[in-house]
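> Okay, sequence plus prediction incoming.
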Amino acid sequence: MGTIKLETPLVELPGIGPRFSKYLKQLGITTVKNLLWHFPFRYEDFSQIYRIADLEPGQHATVQGTIEDIKLRRTWRRHMSIVEATIVDDSDSIRAVWFNQPYILNTLRTGRTANLSGKVSLGDHELYLSHPIYELIQPRRQWVGAPTKASEETYETRHTGRLVPIYPETRGLTSKGFRFLIQPLLKKLERLTEWIPTPILRAHKLPNINTALGAIHFPESIEEATAAKNRFAFEDLFLIQLFNLKQKLKLAEEKAPSIPTDIDHLKRILPLLPFELTPTQKRSLWEIIQDIGKPRPMNRLLQGDVGSGKTVVATLAALIAAINGYQTAFMAPTEVLARQHFETLKKLLSRIESIRDASPNKPAAGLLTSGSAEVFYGDGLGEKLSKIRLAEKIRTGEISIVIGTHALIEKRVGFKNLGLVIVDEQHRFGVRQRAELMKQEKSALIPHFLSMSATPIPRTLMLTIFGDLDISTITELPAGRKNIVTKIVSPTDREKAYQFIRTEVKKGRQAFVICPRIEPSDQSGLTPDQRELFKLEVKSVKDEYEKLSKNIFPDLRVAMLHGQMPAHSGRGLASGGKSTKTSVMNEFRDGKIDILVSTSVIEVGVDVPNATIMMIEGSDRFGLAQLYQFRGRVGRGEHQSFCFLFTDSNAKTTNLRLKAILEAKNGFELAEKDLKIRGPGEFLGETQTGLPDVAMRGLQNMELVKSSREAAVKILTTDRELKRYPLLREKLSTLQRELHLE
């Protein structure tokens, strides 16, 4: 077979075919490109070949020698097979031992020469190699410019005697298998065209694509492997930076409605709010009203800790738009949060009734979710109606501010005069959903865009994933908030914690209990080993609810909330209605439930001032930023609040991670720690960003993020449309399609 192309299906290749394709498909690997871009995540250094006489106990080493003797024996007690081989070189001999691998006898035959890499162990006063990787040595000529004399021939290795790549594995295919498949492909692969401009490669000391691809799989040194990884991380970050900057430039040319703010009017509204705005709330509001007052679209991210008052700032912007005759679409990730925003808006509209009467445009608010359609007109007037009827009111412009979930981007929902789009917790929506909402407006003007996030975003992520957004940050909590007392609870202290919770509830307080998963029975797609771990490690909401309601707190009112429950129905629990998310939250908010056992659905936006205890089961299973979000659900009222981090893990790393929650001064400091500990894939959710693994890890390298941004700025400054770089332009278009960014 001649040269191989990147797009060649693996199933067509000799040596791979259906036999290996079925295993590769489990990792989404179906083409040559998929396989070659399945990069190692680390390397074992077996590059130095040691003389057997120089080996020491505990060492990881490679030896090269001749198989002097090899035999198989079986242990009758454990029904185990043991293969033992004696390897000799010109200095000494050593024994190698493998368990339950009888097929080795067919490969390592007496008289053959082989490399063996593994741990040197000491037993019965002699050294031996425990379960070493082995590889028969075949003479080869060097890859490039090989000498012609046989005496100068060297050896080509895949698994030993070099830096050995270790890959993410799948059932039926180990790292050794990946090395076996990848090395021949690299030799037969067509020469790839470099698309990163040469000046950029030189300026940032990056290898070209062909060199990098060979070096990332089979490097001669760690430095070579690092340079190759940096190249592939850089290229994806560079493309995303280009995309963000082009978006920013494009937006600057678009037209948006100019929404002026009557400052005197605003000054009359602010004293009517339930609390005085903090300095950074005022600054953020000022930045927003400055933006929406301009005839080009705002594209801003409003971020701040849980409970910092982002919703009030965003709602004020929506009111300003409504007073000027423009509609606002306010999208939330969950029905629970959408309803809470709606209730907050109703209270705010009621507070400023007199101010609204003075305005020619009297704002009306609507709630649209998969299970609800409501309108609030002010003056205590509101109604529930069909979703079709509400959609008509939105289309005619009768509803100024529409709060909802994904239902807002349904085809039947259209706006008459959309001036502002607000998306809460943007990282929970795909960029395509955000684009759908922005496309609703059919006029030449496009609406202003405000994104909110309570997940503090580290600077490296801001510059990359959110690089097209301007940032406003609220750093303080509203006045009167008390610090939340946080404790790590070991198994031995469980009873004390339970007793403390009971005491607080008897005082009239309420508690959240968070569990990592819904139910152990949902095990589709898990291997048998994973199912066992699932049963051992995960406490389900239903199991926890049964335990707490029947065994721990039988005298208290315990309820549960999880994602499989229906969202909404007419009657609440107290009146005998079916248990739904809405009814459970209403009962909890009204004080009719003492302890609410929930999944992480509670993470975003739920506000119950009387809830003073947050108890998190399996806290070591969550990221730090998520734990911080959970803790922010309490501490919203006048009473002292507490957060208990339950864990059964004794691991040192678990303790260090959880202590970071206790020590971090704010969410931003904690987010930086979380990014370092877990990496951006876990922090953001890789399915949300679509970034390849190597780029996700590259996000942890601030220098790489900065250099990729500098390169993008430099190239767009001189050639905004990339006319001089057609290959780069095509690559950018391809990545946009792959990441669904268009």
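All right, it came through fine. Numbers count the residues shown, from 1 in each chain.
> Past the top strand by length along the chain, which element shows up next along the chain?
Longest strand in the chain, counting residues (DSSP state E): strand 60-75. Proceeding N to C from strand 60-75, the next assigned helix or strand is strand 80-88, under DSSP states H and E.
> Return the list of strands paired to that following strand, each annotated with direction.
strand 60-75 (antiparallel), strand 93-99 (antiparallel) (DSSP bridges).
> can you give me phi and psi for Ile403?
Note on Ile403: backbone dihedrals following degrees, to the nearest 10 are phi -110, psi 140.
> Just give the closest residue to it, not the sequence neighbours.
Taking CB to CB, 6 or more residues apart in numbering, and ignoring the residues beside it in sequence, Ile403 has Phe330 as its nearest neighbour in space, at 4.4 Å. No exception for glycine: its C-beta is placed from N, CA and C like everyone else's.
> so is the one you found in a helix, a strand, or just coil?
Following DSSP: H, G, I helix; E, B strand; the rest coil, we place Phe330 in the strand state.
> My read is that it contacts Asp424, right?
Yes. Assessed by CB atoms under 8 Å, Phe330 is found in contact with Asp424 at 7.4 Å.
> would you list every one of the strands in the stretch 1-150 of the chain?
Along the stretch 1-150 of the chain, counting by DSSP state E, counting those that start in this stretch, strands occupy 42-45, 49-50, 60-75, 80-88, 93-99, 113-123, 126-136, 139-140.
> Ala454: which of those is closest?
Nearest to Ala454, of all the strands of the stretch 1-150 of the chain, is strand 42-45, at 34.3 Å by CB to CB.
> Would you indicate which residues of the closest one are buried?
Judged by neighbour count using 16 or more other CB atoms under 10 Å, the buried positions of strand 42-45 are 43-44.
> where's that strand relative to the chain centroid, distance-wise?
26 Å (CA atoms, centre = their mean, to the nearest Å).
> residue boundaries of the helices in the stretch 401-550 of the chain?
For the stretch 401-550 of the chain, the helices defined by DSSP state H, counting those that start in this stretch occupy 431-438, 459-464, 494-506, 528-537, 541-547.
> could you check the angle strand 126-136 makes with the longest strand of the chain?
Relative orientation of strand 60-75 and strand 126-136, computed by axes from the mean of the first three to the mean of the last three CA atoms, to 10 degrees: 100 degrees.
> C-alpha coordinates for strand 60-75, CSV please?
Extracted C-alpha coordinates of strand 60-75, given in CSV (Å, rounded to 0.1, in the frame of the first residue of the first chain):
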residue,chain,number,x,y,z
HIS,A,60,12.7,1.2,36.4
ALA,A,61,15.1,0.1,33.6
THR,A,62,15.6,-1.4,30.2
VAL,A,63,18.0,-4.3,29.6
GLN,A,64,18.9,-5.9,26.3
GLY,A,65,19.9,-9.5,26.2
THR,A,66,19.4,-13.0,24.9
ILE,A,67,16.7,-15.4,26.1
GLU,A,68,18.8,-18.2,27.6
ASP,A,69,15.9,-20.1,29.1
ILE,A,70,12.1,-19.7,29.4
LYS,A,71,9.5,-22.0,31.0
LEU,A,72,5.9,-22.1,32.2
ARG,A,73,4.8,-23.4,35.6
ARG,A,74,1.3,-23.5,37.2
THR,A,75,0.4,-23.0,40.9
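> Show the low-confidence segments of the stretch 401-550 of the chain, by residue range.
Within the stretch 401-550 of the chain, the ranges that satisfy pLDDT under 70 run 426-443, 455-466, 478-480, 516-540.
> Strands along that one, start to end?
Going by DSSP E, counting those that start in this stretch, the stretch 401-550 of the chain shows strands at 401-404, 418-424, 448-453, 470-474, 485-489, 510-514.
> residues touching Lys205, list them.
For Lys205, the contact set (CB atoms under 8 Å, 6 or more residues apart in numbering) comprises Ala227.
> Distance check, it against Thr226.
As defined by CB to CB, to the nearest Å, Lys205 lies at a distance of 11 Å from Thr226.
> Could you check how far Lys294 is from Leu699?
Separation of Lys294 from Leu699 (CB to CB) stands at 31 Å.
> In space, what's closest to Pro219 - neighbours in sequence excluded?
Excluding its sequence neighbours, the residue lying closest to Pro219 (CB to CB, 6+ apart) is Ala225, at 3.8 Å.
> so that neighbour makes contact with Gly214?
No. Ala225 lies out of contact with Gly214 (CB under 8 Å); the separation is 10.8 Å.
> coming back round to it: Lys294 and Leu699: which has the busier surroundings?
Comparing Lys294 with Leu699 by other CB atoms under 10 Å, the one with more neighbours is Leu699, at 27 against 13.
> from memory that one sits against Ser708, does it?
No. Using CB under 8 Å, Leu699 is not in contact with Ser708; the gap is 10.2 Å.
> Now find how far off-centre the longest strand of the chain is within its chain.
For strand 60-75 - counting by CA atoms, centre = their mean - the centre lies 45 Å from the chain centre.
> Going by neighbour count, which residues in it are buried?
By neighbour count on 16+ other CB under 10 Å, the buried set for strand 60-75 is 61-67, 70.
> got it, and stretch 486-499?
The neighbour-count check on stretch 486-499 (16+ other CB under 10 Å) flags 486, 488-489, 497-498 as buried.
> cool, and stretch 188-202?
Buried-residue list, stretch 188-202, by 16+ other CB under 10 Å: 189, 195-197, 200-201.
> Nearest to Thr261 among those residues?
Comparing the buried residues of stretch 188-202 against Thr261 with CB to CB places Ile200 closest, at 43.4 Å.
> For that closest one, pull up the helix or strand it's in.
Following DSSP H and E, one finds Ile200 within helix 198-203.
> ok, for Ile52, nearest residue in space, not its chain neighbours?
Asp92 (4.1 Å).
> Contact partners for that neighbour?
Taking CB under 8 Å, 6+ apart, we find Asp92 in contact with 51-53.
> Now that we have these, which of them are buried?
Neighbour counting with 16+ other CB under 10 Å marks Ile52 as buried within these.
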